[in-house]
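K.L.:
Here is a sequence with its predicted model. Questions after.
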Amino acid sequence: MKIALVGCAHGELENIYDAMECLEKKENIKIDILLCCGDFQTSRNEQDLKCMAVPEKYYNMCSFYKYYSGESVAPFLTILIGGNHEASNYLQELPYGGWVAPKIYYLGYAGVINIAGVRIAGLSGIYKAKDYTKGHFEVPPYDDGAKRSVYHVRNLEVFRLKQLSQPIDIFLSHDWPTHVTDYGNKEQLIRFKPHFKDDIAAKVLGSKPCEELLTHLKPKYWFSAHLHCKFAALIPHDDETVTKFLALDKCLPKRRFLQVMDIPHNENEEIKIKYDLEWLTTLLLTNHLLSVKSTTNYMPGPFGNQRYCFTPTEEEKTLVLNKLNKDLSVPDNFVQTSVPYETGSPKKKCYSQPEPIQNPQTVDLCEKLSLDDPIEMILKSTGRHFNESDSNLRSCNSNTNIITNDSVSEEASDEQSFINDTIIEENNSKTNRISLSLPEPKNESQDFFFIDTDPWQNKSNLSKEPCESGESDNRISTFDTPTKVPANEGLNDRKIFKRRNINLYKEDN
């Protein structure tokens with residue numbers, strides 16, 4: 001099975017699909033599924049943009065709404081997790097996962113699925129210690145603090161993932177696990193991202209909960225994004241197994257954001273999403289641990305007087321399987337819950353955040369497995385109700401962005417994370433220039449893709465070769481990549497530039 005992997009999509013779904021289709025034609029291959037490691041930006045309309053933790057100047061509908069509305073159909077089965085730049089109100093409709101659009105599946109706060117025998121797990125969001133032990137208390141419309149805490153990883157999801165006993169093939173996270181830089185080309189990473197140096201030295205670059213999961217689950221592959229650079233590592237475990245870690249860049253020209261690899265699968269099964277029985281059973285067994293309060297929510301441990309190991313028994317898994325009528329197929333039950341954006345529709349000056357909407361996919365799964373919907377629990381406790389319509393326009397004077405002291409520094413961090421090293425023109429002054437009409441640019445080269453075969457086949461690549469300019473991996477980059485130059489070639493050759501009109505400066509013979 002050929003799997004394509006992308007780092008931070010940042011809403012560029014149409015461009016990613018176009019690049020994959022172009023690659024298929026050029027290399028005569030067939031890509032089966034696409035995995036996205038967060039910042040997918042599932043914005044259906046302008047109201048969803050208001051729920052994204054980015055400055056207003058970066059609001060952009062991008063292209064997801066086309067796949068949500070049915071204007072376009074995803075050419076590849078797509079699996080995603082959440083990052084820290086998402087339409088969080090929409091993802092909160094699907095806490096246990098579901099279809100955000102036809103053929104585009106979200107894993108939820110955390111989730112595990114099976115595709116033709118390949119077991120894929122994922123954890124959405126990023127780690128912030130101050131929110132890690134809290135419940136899922138956020139509900140739209142968000143104040144400025146909740147707009148950010150809503151995508152922070154919680155201990156409940158990490159605890160649930162730790163109950164898994166069967167092997168994981170692929171694990172997706174937005175954050176990097178801490179300490180992975182010790183097993184790759186750390187020096188080159190620091191050269192490319194100098195501001196990582198202090199965090200790497202202090203052992204705080206990345207997510208501690210992700211490191212715990214990496215050590216506990218020992219997946220064959222671990223894929224991440226978030227830090228907007230490509231990095232590969234081989235992480236050994238105490239049982240002599242190895243996890244192949246790969247982080248990718250964001251979707252921009254000449255950046256390493258796309259990788260394709262072959263993963264062994266069961267060729268007798270269709271490439272379709274199935275529920276993971278062990279995971280669903282774990283959700284049921286730990287349903288009582290769900291909290292929707294902003295106070296500390298401790299997980300049970302070995303020194304308490306209650307059950308603390310929820311790894312399902314065969315009897316418990318059989319009970320859940322019977323609840324699903326012995327069918328683990330994920331139903332194709334996507335429905336629109338909000339009116340999609342229409343290209344060319346008149347722009348309104350004021351949009352407010354929407355009220356919470358109940359998603360039929362979540363209702364169906366919760367009824368089958370006797371699970372609680374976090375949003376429904378919050379609304380019942382506060383006397384509120386789900387919104388039946390998404391027409392929540394308010395006056396321009398209404399203010400739903402209440403800034404709290406705790407969120408100010410994170411807002412600045414989020415903005416930096418969103419733009420990263422992209423140059424933004426901040427000068428609003430306009431200069432009158434004569435407009436030029438230029439022909440379409442032409443690229444005479446047919447080398448649109450740079451293809452390597454195995455990112456981890458040579459351990460020396462992880463410590464010597466630069467991760468931004470050609471370390472060996474099975475990445476397929478959708479843009480031209482500089483060709484490698486042998487280490488000793490050209491060191492003594494001086495490059496000579498020819499001066500314009502050089503004959504004017506030569507002495508007459």
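P.N.:
Nice, I can see it. Numbers count the residues shown, from 1 in each chain.
K.L.:
All the helices of the stretch 101-250 of the chain, residue numbers only.
P.N.:
Ranges of helices in the stretch 101-250 of the chain, per DSSP state H, counting those that start in this stretch, are 146-149, 155-161, 186-192, 197-201, 208-217.
K.L.:
can you list those in JSON lines and add mean neighbour count?
P.N.:
In this view, the C-beta of every residue, glycine as well, is placed from N, C-alpha and C. Converted to JSON lines, the helices of the stretch 101-250 of the chain look like this (neighbours: other Cβ atoms under 10 Å):
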{"stretch": "helix 146-149", "mean neighbour count": "24"}
{"stretch": "helix 155-161", "mean neighbour count": "22"}
{"stretch": "helix 186-192", "mean neighbour count": "17"}
{"stretch": "helix 197-201", "mean neighbour count": "13"}
{"stretch": "helix 208-217", "mean neighbour count": "20"}
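K.L.:
nearest to residue 301, of the ones you listed?
P.N.:
Closest approach to residue 301 among those is made by helix 155-161 (9.9 Å; Cβ to Cβ).
K.L.:
Centre of the chain to that closest one, how far?
P.N.:
In terms of Cα atoms, centre = their mean, to the nearest Å, the centre of helix 155-161 is found 18 Å from the chain centre.
K.L.:
again with stretch 85-94
P.N.:
Using Cα atoms, centre = their mean, the offset of stretch 85-94 from its chain centre is 13 Å.
K.L.:
Just the CA atoms of it, as CSV, please.
P.N.:
Extracted C-alpha coordinates of stretch 85-94, given in CSV (Å, rounded to 0.1, in the frame of the first residue of the first chain):
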residue,chain,number,x,y,z
HIS,A,85,-4.4,26.0,13.7
GLU,A,86,-7.8,24.4,13.2
ALA,A,87,-11.4,25.3,12.9
SER,A,88,-11.8,23.8,16.4
ASN,A,89,-15.6,24.2,16.6
TYR,A,90,-16.0,21.8,13.7
LEU,A,91,-13.5,19.2,15.0
GLN,A,92,-15.2,19.4,18.4
GLU,A,93,-18.3,18.0,16.8
LEU,A,94,-16.3,14.7,16.3
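K.L.:
Report the mean confidence score over it.
P.N.:
Averaged across stretch 85-94, the pLDDT comes to 97.
K.L.:
returning to what we had before: kindly reformat the helices of the stretch 101-250 of the chain as TSV containing mean pLDDT.
P.N.:
What follows is the helices of the stretch 101-250 of the chain, written out as TSV (pLDDT from 0 to 100):
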stretch	mean pLDDT
helix 146-149	97
helix 155-161	99
helix 186-192	91
helix 197-201	93
helix 208-217	98
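K.L.:
The one helix or strand residue 366 maps to packs against which elements?
P.N.:
Per DSSP states H and E, residue 366 falls inside helix 360-369. When contacts are defined as 3 or more Cβ pairs under 8 Å, 6 or more residues apart in numbering; DSSP states H and E, helix 360-369 sits against strand 98-101, helix 277-285, helix 314-323.
K.L.:
and of the ones you listed, who's closest to residue 73?
P.N.:
Short answer: strand 98-101, nearest of the helices and strands packed on helix 360-369 by Cβ to Cβ, at 8.9 Å.
K.L.:
would you turn the helices and strands packed on helix 360-369 into JSON lines with distance to residue 256?
P.N.:
Formatted as JSON lines, these follow (distance: least, Cβ to Cβ, whole Å):
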{"stretch": "strand 98-101", "distance to residue 256": "26"}
{"stretch": "helix 277-285", "distance to residue 256": "31"}
{"stretch": "helix 314-323", "distance to residue 256": "40"}
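K.L.:
And the contacts of the helix holding residue 366?
P.N.:
93-96, 98-99, 280, 283-284, 320, 323-324, 331, 333-335, 337, 371-373 (Cβ atoms under 8 Å, 6 or more residues apart in numbering).
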